[in-house]
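model this:
(one chain, ligands or ions: 1)
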Amino acid sequence: MNPTRIVIVGGGFGGLAAAKALAKTPAEITLIDRTNHHLFQPLLYQVATAVLTPSQIATPIRTILRKRKNTTVILGEVTGVDKERKCVFVSNADRENVPISYEYLILATGATHSYFGHNEFAQHAPGMKSVADAVASRNKILQAFETAEAEENPIRHRELLTFILVGAGPTGVEMAGALAVLVRTTLKSAFRRIDPASARIVLVDRGTRVLSPFSEKLSEAAKQRLEKLGVEVHLGKNVDQIDADGIVVAGERIESKTVIWTAGVAPSPAGRWLNAETDRAGRVRVQNDLTLPGYPEIFVVGDTASLEQNGHPLPGVAQVAIQGGRYAGKLIHSRVIGNPPPGPFSYFDKGTMAVVGKGFAVLQSWKVQASGFGAWLTWAFVHLQFLATPSLRLTVFLQWVWTYVTGQRGSELIVNHHGSDLAKPSEGTALKPAA
Ligand SMILES: Cc1cc2nc3c(=O)[nH]c(=O)nc-3n(C[C@H](O)[C@H](O)[C@H](O)COP(=O)(O)OP(=O)(O)OC[C@H]3O[C@@H](n4cnc5c(N)ncnc54)[C@H](O)[C@@H]3O)c2cc1C
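Predicted coordinates:
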């Protein structure tokens, strides 16, 4: 008898957890991802602010699954699903829309960023979703300091050294805090003509508080901490315009060469592929066993899926994806070997955390609410635990200790600097040839 064919789309938190749960299943598993790596998105901001290198938060999926003999990893982009023929279509550098058939399908394609209908913002305000995004932000930030150092006109220093983050959710807050620490520690003594600590860091959100998923008390603690670090927090203000020279917020123009978008989440196109019912955010509505209604062989997990529990939609966080992927894997395993299936999926919320600068975090778990150094240690411990391999846990731990003690960072390299507008010298630059 031929082994059961299982296709997993996405090697993020959900897809990888599913593949691991299927390790002992007598099946032929194909995991397809458009990148060759599993990415630990919660630490992207540390790559953008030069603390960690990309390879410390991303690991080749093939390496993680090298011992799973029943699993084949394919680098390719899924472009559609045919529910009736039971196949997905995959394109890669070589071929287009190749059908790969399945008996069970797990879709774990995550989410992307949304510009709330203003896609024109993307050109000037890159988001933070991939390794390339984080490296692009790091380039932009470090290049701004380099250009300012070479610039003789002090008026231009102001716009070059103004950094704007749009979105005061966990990513925006963590990024703002890390930038404030970067300019006051690592970069402080590295420049001669400019004072990096004079950089202006602006955090903007149309909501009325930072870290809205947290309690009001913790939101306020995070805001106060940001302000203590010198971050300007603008709440309840809409971004009207973003262009090459800055943004317009609630009618006020702020000149800046570096705007980073950390707001808004848009789902993957899985709902369209499946021609399925989606929620208001575009996520595929699934049943309480994470399958698509009418299709018991199709599972949708993580950020791509929409499921309510206790009257509330499950949040788009790593734990939901990990637990969902694991559940889908276990359910398929029990069906394949003929065991009774597990009960409905039940998400266990372990809590949520966010870092605000050096040695400070906010933590909310059940009835526990904490902020400060203890919460930061817990944050560090939990994040280390969830990195993909033991070697990453070790290198990231050592880098954190080193950065904490010395202020030095893992990678302050500007790569692909020829691609940056900021590299072009302007009138009055110190790099002007001598007359
Ligand atoms: C900057 C940032 C910070 C975050 N911080 C936190 C945090 O602190 N705590 C927390 O719990 N959560 C955090 N999250 C959210 C968390 O990362 C997501 O909830 C989680 O990654 C969802 O897992 P997933 O498996 O659904 O999707 P992902 O982990 O995004 O994985 C999706 C995978 O699918 C692949 N893929 C997508 N489309 C296709 C396609 N068409 N073909 C082939 N492959 C495809 C992608 O390449 C990717 O590997 C953060 C997210 C971001 C962006």
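
Tell me who's in contact with residue 259.
Listed by CB atoms under 8 Å, 6 or more residues apart in numbering, the contact set of residue 259 reads 124-125, 164-166, 242, 246-247. C-beta here means a position set from N, CA and C on the backbone, and glycine is covered the same way.

Next: residue 391.
Counting by CB under 8 Å, 6+ apart, residue 391 has no contacts.

Begin at 9, not 1, for the rest of this chat.
With 9 as the first residue, the last one maps to residue 399.

Low-confidence ranges, the stretch 309-443 of the chain, go.
425-443 (pLDDT under 70).

Show me what residue of the stretch 109-258 of the chain gets nearest to the ligand.
Closest contact between the stretch 109-258 of the chain and the ligand, by CB to the nearest ligand atom, is at residue 118 (2.5 Å).

And for the helix or strand encompassing residue 379, what's in contact with it?
Per DSSP states H and E, residue 379 falls inside strand 376-380. With CB under 8 Å, 6+ apart as the test, strand 376-380 has contacts from 223, 225-226, 229-230, 233, 359, 368-371, 386.

again with stretch 210-221
So stretch 210-221 is in contact with 170-178, 180-181, 184, 224, 226-228, 230-231, 234, 239-247, 255, 257, 262, 264, 271, 323, 360, 362, 370, going by CB under 8 Å, 6+ apart.

Near the ligand, list only the ones from those residues.
Restricting the contacts of stretch 210-221 to those within reach of the ligand (CB under 6 Å from any ligand atom) leaves residue 178.

and the contacts of stretch 210-221, which are buried?
Buried positions within those, assessed by neighbour count (16 or more other CB atoms under 10 Å), are 170-178, 180-181, 184, 226-228, 230-231, 234, 239, 241-242, 247, 255, 257, 262, 264, 271, 360, 362, 370.

Show me where the stretch 59-208 of the chain has its strands.
66-68, 79-83, 85-90, 95-99, 106-109, 112-115, 119-121, 170-174, 208-213 (DSSP state E, counting those that start in this stretch).

Check the stretch 259-408 of the chain for the residue nearest the ligand and tell me.
Counting by CB to the nearest ligand atom, the stretch 259-408 of the chain gets nearest to the ligand through residue 310 (2.2 Å).

Just list the residues touching the residue nearest to residue 48 when sequence neighbours are not counted, thanks.
Nearest residue to residue 48, sequence neighbours excluded (CB to CB, 6 or more residues apart in numbering): residue 65, at 4.5 Å. By CB under 8 Å, 6+ apart, the contact list for residue 65 reads 47-48, 51-52, 54-55, 139, 395, 400, 404.

Show me those that map onto helices.
Within the contacts of residue 65, residues falling in helices by DSSP state H are 52, 54-55, 139, 400, 404.

got the contact list for residue 58?
So residue 58 contacts 146, 149-150, 190, 194, 417-420 (CB under 8 Å, 6+ apart).

repeat that for 7 Å
The contact partners of residue 58, by CB atoms under 7 Å, 6 or more residues apart in numbering, come to 146, 150, 190, 417-420.

In TSV, list these along with distance to residue 166.
Listed next are those as TSV, based on distance: CB to CB, whole Å:
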residue	distance to residue 166
146	22
150	18
190	18
417	25
418	29
419	27
420	23
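
Of those, which is the most crowded?
residue 190 (25 neighbours; other CB atoms under 10 Å).

For this structure, list the residues in contact with the ligand, please.
Residues of the chain lying near the ligand (CB under 6 Å from any ligand atom): 17-23, 40-43, 49-50, 52, 85-86, 116-118, 136-137, 178-179, 276, 310-312, 324-327, 329.

and stretch 41-59, how far from the chain's centre?
7 Å (CA atoms, centre = their mean, to the nearest Å).

What average pLDDT does that stretch get?
If you average the pLDDT over stretch 41-59, you get 97.

Now do the buried residues in it.
Result for stretch 41-59 [16+ other CB under 10 Å]: buried residues 41-43, 45-59.

Same question for stretch 181-191.
Buried, per 16+ other CB under 10 Å, within stretch 181-191: 181-191.

Among those residues, which ones are in helices?
181-191.

can you put the residues you listed in JSON lines and add pLDDT?
Formatted as JSON lines, those follow (pLDDT from 0 to 100):
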{"residue": "181", "pLDDT": "98"}
{"residue": "182", "pLDDT": "98"}
{"residue": "183", "pLDDT": "97"}
{"residue": "184", "pLDDT": "98"}
{"residue": "185", "pLDDT": "98"}
{"residue": "186", "pLDDT": "97"}
{"residue": "187", "pLDDT": "97"}
{"residue": "188", "pLDDT": "97"}
{"residue": "189", "pLDDT": "97"}
{"residue": "190", "pLDDT": "96"}
{"residue": "191", "pLDDT": "95"}
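
quick one, phi psi at residue 340?
phi -70, psi -40 (degrees, to the nearest 10).

so who does the closest residue to it other than its chain neighbours touch?
Among residues not flanking residue 340 along the chain, residue 112 sits closest, at 4.9 Å (CB to CB, 6+ apart). Listed by CB under 7 Å, 6+ apart, the contact partners of residue 112 are 12, 14, 305, 340.

Highest neighbour count among these?
Busiest of the contacts of residue 112 [other CB under 10 Å] is residue 14, holding 28 neighbours.

Look up how far residue 140 lies from that residue.
30 Å (CB to CB, to the nearest Å).

again, but for residue 175
From residue 175 over to residue 140 (counting by CB to CB), the distance is 19 Å.

about what we covered before: and the residue of the stretch 109-258 of the chain closest to the ligand, how many neighbours?
Neighbours around residue 118, by other CB under 10 Å: 22.

coming back round to it: of the contacts of strand 376-380, which belong to strands?
369-371 (DSSP state E).

Now distance to residue 34 too, for the residues you listed, in TSV please.
Shown next, in TSV, are those (distance: CB to CB, whole Å):
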residue	distance to residue 34
369	44
370	46
371	42
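
of all those, which comes closest to residue 345?
Among the ones in strands among the contacts of strand 376-380, residue 371 lies closest to residue 345 (CB to CB), at 40.0 Å.

In this structure that closest one contacts residue 383, no?
Yes - using CB atoms under 7 Å, residue 371 makes contact with residue 383 at a distance of 4.0 Å.

Residue 204 - how many residues pack around it?
When neighbours are counted by other CB under 10 Å, residue 204 registers 19.

nearest spatial neighbour of whatever residue of the stretch 9-158 of the chain ends up closest to the ligand, skipping sequence neighbours?
Per CB to the nearest ligand atom, residue 20 is where the stretch 9-158 of the chain lies closest to the ligand, at 1.8 Å. Excluding its sequence neighbours, the residue lying closest to residue 20 (CB to CB, 6+ apart) is residue 118, at 5.1 Å.
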